[in-house]
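[1] Pasting a predicted model and its sequence here:
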Amino acid sequence: MSGSSDPAETTLRVDKWLWHARFLKSRGLAAKLVSEGKLRINGERFTKPGKTVRPGDVLTFRLQDRIRIVRILALGTRRGPAPEAQALYDDMSPPPELKPPQASVTRERWDGNRKPDKPKFNSA
């Protein structure tokens, strides 16, 4: 067999790629994200987890209250460590929004006469 390029070697299922790139903890969660219609490949919505992707494709999806936009650089052959997974894509996502600081909950000051977790009773 001479060096013919097999299409199976240049493409990978999108659910498997999301799992290899460590965006989701399991391939089942990746398949669920796709089948619920929450993923776009090159701007087009897909609901089949078996849809194939290749290097150069752009994926857009929401993950943990953040829109992720990634360009696929490589397909990968396994789910490796994080640095290996990060080499599979170029993250083009906007920076995460800074949330305003939450108001801290003030606790009642201990007055020395009672335990701090016991309610104060009025004796009248």
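    Looks like it arrived, so ask away. Quick caveat, the model's predicted, so the values are computed rather than measured.
[2] Show me where the chain has its strands.
    Ranges of strands in the chain, per DSSP state E, are 12-13, 39-41, 44-45, 52-53, 58-62, 67-72, 89-91.
[3] Report all helices and strands that the third one contacts.
    Strand 44-45 makes packing contacts with no helix or strand when contacts are defined by 3 or more Cβ pairs under 8 Å, 6 or more residues apart in numbering; DSSP states H and E. Heads up, the C-betas are built off the backbone N, CA and C, glycines and all.
[4] Now do the same contact list for Gly50.
    Taking Cβ atoms under 8 Å, 6 or more residues apart in numbering, we find Gly50 in contact with Arg13, Val14, Asp15.
[5] give the contact list for the closest residue to Val53 other than its chain neighbours.
    Counting by Cβ to Cβ, 6 or more residues apart in numbering, the nearest residue to Val53 once its immediate chain neighbours are dropped is Val14, at 5.0 Å. Listed by Cβ under 8 Å, 6+ apart, the contact partners of Val14 are Ala30, Val34, Leu39, Ile41, Phe46, Pro49, Gly50, Lys51, Thr52, Val53, Leu59.
[6] tell me which of those is nearest to Val70?
    For those, the minimum distance to Val70 (Cβ to Cβ) is 5.2 Å, reached by Leu59.
[7] The closest one - how many residues pack around it?
    As a burial measure, Leu59 scores 23 neighbours (other Cβ atoms under 10 Å).
[8] Kind regards, and thank you for your time.
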